[in-house]
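>>> need a structure here:
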Amino acid sequence: LQQTAPLPYREACRHLRDIASSLALIHAHRMVHRDISPRNVRLTSAGRAKLIDFGALATFGIADEVVGTPACMAPEALRRLALDQRTDLFALGATGYWALTGRHAFPARRAQDLPSVWQHTPLLPSQIAEGVPPALDALIMSMLSTEPLERPANAAAVIDQLTAIAGLDPEEHDQAAESYLSSGRMVGREHERTSLQRQLARALEGKITEVIIEGPSGIGKSRLMLEANLEAQLKGFVALRADAHSTPHAFAVAASLGVQMLTLCPESARRAVGPHAPLLAHLSPELASKLEVTAPAALSEDPAERRARFQTALHDWFLKVAQEQPLLVAVDNVQAADDNSTAFLAALGYEARHARLMLLVMHTTGDEVVAEVPLRAIRKRGVRLKLAGLDVAACEELVGSLFGHVENTGRVAKLLYDRSGGNPQLCMDLVQLLVKKRIARYIDGGWVLPLELAEDELPFRVEELMAERLIALSPDARKLCEALSVQTGRIPIERCLALAEDMREQDVYLALDELVTDQVLRIEGSHYAFRQASFRRSVLAQLDQERRRRLHQRAARTLLESAGAGVAQRMEAARHLLLAGKELEGADLMARAAHDFLRHQGAESLEDVVHGLSTALSLYEKHNRSKHEIASLLFPLTTFAFFVDCRLVLEHAERAINLGL
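Residues are numbered from 1 along each chain as shown. Purely as a prediction, here's the structure:
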């Protein structure tokens, strides 16, 4: 396509519709292409356009790295914000502009030049090329909007408009039907949105602002956070966002937020970090790279002092930035955040009164809380919004936003409400099942919904829905899914290969592709993670005890055999051994890893170490290990527990005194 522009508008529309059809399929599986450009579109001898180069595919959400052709890159991709179908539609608009005019709408050779280029509105295509109709001008310019919400909702809507503008013959685009499901409107949250807008206004006035949104999995917390993120940007905030499920290691959430801050407001962030840069470079390789630190500072041998220095440096850095410009710090799945990051967030929220800063955290109720003490402090001080399920009217509004207000919308909405209990994620899962089973059909550019459904056409319970999703997988994909279910958080591709049982490498890759396509897993750089923790737990619960033990043993062995297994990895391996029934072996590994922590200079989680020592101590006592071995655990345990949970100090202090410590 790069070599054929400019094209007559009807021909350009036909090629753009072909590309949009490919995008509809990608977006239906909640993935983004990320590198649509004229050079990545091949024109066939039959006159069709084929999208090529799928090497940058990623799942919806925040990507690990910035990739793409600068002239076609959406602002949210450069700013490391959440990506969705609208990100690709921006690039499609840029490609369409080129196809019509032979020019780039935003001519930039380097990504760093884009912010200044985006300040200038491009000419309409019709001002450069003759014969371009006003409706096509409007479509192309809407896709090129720097604000995602001002672009078309999905690829299917673009297909319909291109067909009408150019008078093209209708074609069957099955994938367009599922594409509609990627753009459901947020419904039933007016009160919560108003409350968040009020808290953002308070933060701009320099008033202390901490908000915690609570609710079960799938209730809509992440979507509400995205809306708050967009609202904050419109009010002039620098909006930072992290997901604790994706960043489980020590200080990982804080490091991720720091990287975003250096990307979104580089001048302020570099000026504010000052002498802390060599120390903070220890928190992650990406942060060190962004800070351009080649020689990190020497660390104290005292773990408690190391932790205190990291915390002080992070607080000082973020608060100085917030004094220059308003800052939104939003963290999803805060219950999964490591103790260091949660303590940082709690202290940052407390200090928010001295700067224009708002702390917004999402807590999935029912999930295990990694760091209870700092999270308790946030919940005690902050404004708490508890999300309930949608009512019938909101479900009908959701169905209408997906299918349009066609006949039988109300009947389908009532059915979804009855089966899901108003849980938005379950509603969407059931909607996708309706489309996949062709109960809801996309015909001639519109939806046809059924008048009635047989009792057994949709599952009644969450467990049945999850079981149906698992059964629908191929044998290899199901087998790999079960093997990965013993893992929490992100799983490196190398570990996926190692955990697979009796599968060839190419079959593992095919199974991973299927799991991503069927929205069981999501891709995060070179890692994979379950989309829903509840689905992972459901898969794990279905395994027989012997298989679970075998998989946990395999996971432990894989972790210990990986190159440079550090304290955190060995602690994780020890937990797998305990779950495999290898109590003493796991306890010994935990004890050795904790003692290595005393000599190791790094940023490991004290919470993990204290939990490991406490678990090892209980097992040593259960198996009547010697007083010397018990004492060797009590000393570091009582020392580190002071920084994690003082109740543990009191619990073990008398025992330590009796042993002469």
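
>>> How many neighbouring residues does the residue lying closest to residue 347 once chain neighbours are set aside have?
Ranked by CB to CB, 6 or more residues apart in numbering and with sequence neighbours excluded, the top spatial neighbour of residue 347 is residue 315, at 5.8 Å. Heads up, the C-betas are built off the backbone N, CA and C, glycines and all. Using other CB atoms under 10 Å, the number of residues around residue 315 comes to 17.

>>> The one 5 residues further on now?
Neighbour count for residue 320, taken as other CB under 10 Å: 17.

>>> That one reaches residue 272, doesn't it?
Yes. Using CB atoms under 8 Å, residue 320 is in contact with residue 272, at 3.7 Å.

>>> Doesn't residue 317 belong to a helix?
Yes. Applying DSSP: H, G, I helix; E, B strand; the rest coil, one finds residue 317 inside a helix.

>>> measure residue 540 to residue 197 for me?
40 Å (CB to CB, to the nearest Å).

>>> Regarding residue 106, what is its secondary structure?
Under three-state DSSP, residue 106 comes out as coil.

>>> residue boundaries of the strands in this protein?
31-32, 41-43, 49-51, 58-59, 209-215, 238-243, 327-332, 357-364, 383-386, 441-443, 446-448, 491-492, 521-524, 527-530 (DSSP state E).

>>> Of all those strands, which one is nearest residue 392?
With CB to CB as the measure, strand 209-215 is the member of the strands of the chain nearest residue 392 (18.8 Å).

>>> What mean pLDDT does that closest one get?
Averaging pLDDT along strand 209-215 yields 93.

>>> Could you do stretch 6-13 as well?
93.

>>> Other residues contacting it?
15, 96, 99-102, 129, 131-133, 136, 162, 165-168 (CB atoms under 8 Å, 6 or more residues apart in numbering).

>>> Among those, name the ones in helices.
15, 96, 99-101, 136, 162, 165-166 (DSSP state H).

>>> From residue 31, how far off is the residue lying closest to residue 30 once chain neighbours are set aside?
Nearest residue to residue 30 in three dimensions, chain neighbours excluded: residue 60, at 4.6 Å (CB to CB, 6+ apart). Using CB to CB, residue 60 is found at 7 Å from residue 31.

>>> what's the neighbour count on the closest residue to residue 161 other than its chain neighbours?
Nearest residue to residue 161, sequence neighbours excluded (CB to CB, 6+ apart): residue 139, at 5.3 Å. Look at residue 139: counted by other CB under 10 Å, it has 23 neighbours.

>>> Let me see the confidence value for residue 139.
96.

>>> measure it to residue 115 for me?
25 Å.

>>> What of residue 245?
31 Å.

>>> Pull the contacting residues for the closest residue to residue 192 other than its chain neighbours.
In space, and not counting its chain neighbours, residue 192 is closest to residue 385: 5.3 Å by CB to CB, 6+ apart. Neighbouring residues of residue 385 by CB under 8 Å, 6+ apart: 192, 195-196, 211-214.

>>> how about a markdown table for those, with neighbour count added?
Shown next, in a markdown table, are the contacts of residue 385 (neighbours: other CB atoms under 10 Å):
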| residue | neighbour count |
| --- | --- |
| 192 | 20 |
| 195 | 16 |
| 196 | 23 |
| 211 | 26 |
| 212 | 22 |
| 213 | 28 |
| 214 | 18 |
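
>>> So, low pLDDT: which residues of the stretch 551-661 of the chain?
Along the stretch 551-661 of the chain, the parts satisfying pLDDT under 70 run over 563-565, 598-606, 642-646, 648-649, 653-661.

>>> and the residue lying closest to residue 110 once chain neighbours are set aside, how many residues sit next to it?
Distances taken as CB to CB, 6+ apart put residue 70 closest to residue 110, at 6.0 Å, once the chain neighbours are dropped. Residue 70: 19 surrounding residues under other CB under 10 Å.

>>> so what's residue 70 up against?
If you count contacts by CB under 8 Å, 6+ apart, then residue 70 has 108-111, 113-114 around it.

>>> which of the residues you listed has the most neighbours?
Once you tally neighbours by other CB under 10 Å, residue 114 ends up highest among the contacts of residue 70, having 20 neighbours.

>>> pLDDT score assigned to residue 541?
87.

>>> Over to residue 51?
Confidence for residue 51, expressed as pLDDT, is 84.

>>> Grab the nearest non-local neighbour of residue 450.
Per CB to CB, 6+ apart, closest to residue 450 is residue 439, 5.6 Å.

>>> Also residue 68?
Closest to residue 68 by CB to CB, 6+ apart is residue 35, at 4.8 Å.

>>> and the gap between the one you found and residue 43?
18 Å.

>>> Which one of the two is surrounded by more residues?
residue 35 (22 against 17).

>>> so that one touches residue 74, yeah?
No. Residue 35 lies out of contact with residue 74 (CB under 8 Å); the separation is 11.3 Å.

>>> how about low-confidence regions in the stretch 201-350 of the chain?
For the stretch 201-350 of the chain, the ranges with pLDDT under 70 are 248.

>>> What segments of it are helices?
Applying DSSP state H, counting those that start in this stretch to the stretch 201-350 of the chain gives helices spanning 221-234, 252-264, 266-273, 277-280, 285-291, 303-324, 339-351.

>>> of all these, which lies closest to residue 631?
helix 303-324 (19.2 Å).

>>> buried ones in that closest one?
Residues 303, 306-307, 309-311, 313-324 are the ones in helix 303-324 that count as buried (16 or more other CB atoms under 10 Å).

>>> Show me how the record splits this protein into domains.
9-183, 190-386, 392-458, 459-543, 573-661 (automatic domain parsing).

>>> Same list, those, but as TSV with distance to residue 561 please.
Formatted as TSV, these follow (distance: least, CB to CB, whole Å):
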stretch	distance to residue 561
domain 9-183	25
domain 190-386	19
domain 392-458	37
domain 459-543	8
domain 573-661	9
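
>>> how about the ones you listed, which one is nearest residue 560?
domain 573-661 (5.0 Å).

>>> How about the contacts made by residue 224?
By CB under 8 Å, 6+ apart, the neighbours of residue 224 are 186, 189, 192-193, 196, 213, 362, 387.

>>> make it 7 Å
Residues in contact with residue 224 (CB atoms under 7 Å, 6 or more residues apart in numbering) are 189, 192, 213.

>>> Ok, residue 353 next?
residue 208.

>>> got it, and residue 341?
Applying CB under 7 Å, 6+ apart, the residues contacting residue 341 are 251-254.

>>> Let's have those residues in JSON lines, adding neighbour count and distance to residue 578.
Below are the contacts of residue 341 laid out as JSON lines (neighbours: other CB atoms under 10 Å; distance: CB to CB, whole Å):
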{"residue": "251", "neighbour count": "28", "distance to residue 578": "25"}
{"residue": "252", "neighbour count": "23", "distance to residue 578": "23"}
{"residue": "253", "neighbour count": "28", "distance to residue 578": "26"}
{"residue": "254", "neighbour count": "33", "distance to residue 578": "29"}
